[in-house]
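> give the three-dimensional model of this entry:
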Amino acid sequence: MPKLKTHKATIKRFQVKKSKKKGLTVLKRTDGQDHFNSRENGTTRRNKRRDGRASTPLKRTVLNALPYASK
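Model (predicted):
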């Protein structure tokens with residue numbers, strides 16, 4: 001059976017972490033970090049620095065796009 005293809009854009013945007021209690025966790029970058037941040041207030045700018053967890057439907061989609069991330 002041939003190898004599965006990994007979606008390269010998904011690798012750049014998401015990170016898959018393993019934990020013993022919760023299984024796989026998918027982290028995603030916060031939207032809108034690239035430019036036009038000077039107009040944001042300090043709280044919004046600070047919150048954009050943190051990665052957030054992906055929702056359950058998005059997690060399922062990401063794990064399908066990254067076939068070897070679950071190993």
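
> rest of the way, CA atoms for contacts and neighbours
Will do.

> ok, longest helix in the chain?
Counting residues, the longest helix found in the chain (DSSP state H) is helix 56-65.

> that one packs against which elements?
strand 23-28 (3 or more CA pairs under 8 Å, 6 or more residues apart in numbering; DSSP states H and E).

> in the strand it packs on, what counts as buried?
By 16 or more other CA atoms under 10 Å, the buried positions in strand 23-28 come out as 24-28.

> who does it pair up with?
Here strand 23-28 has these sheet partners by DSSP bridges: strand 14-19 (antiparallel), strand 52-53 (antiparallel).

> reformat the ones you listed as CSV; add mean pLDDT, mean neighbour count and distance to N37.
Output for these, formatted as CSV (pLDDT from 0 to 100; neighbours: other CA atoms under 10 Å; distance: least, CA to CA, whole Å):
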stretch, mean pLDDT, mean neighbour count, distance to N37
strand 14-19, 90, 14, 22
strand 52-53, 90, 15, 18
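
> dump these into CSV; add distance to K3 as well.
Shown next, in CSV, are those (distance: least, CA to CA, whole Å):
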stretch, distance to K3
strand 14-19, 20
strand 52-53, 28
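
> quick one, which of these gets closest to L66.
strand 14-19 (9.2 Å; CA to CA).

> so the closest one versus helix 56-65, what angle?
Here strand 14-19 points in a direction 100 degrees away from that of helix 56-65 (axes from the mean of the first three to the mean of the last three CA atoms, to 10 degrees).
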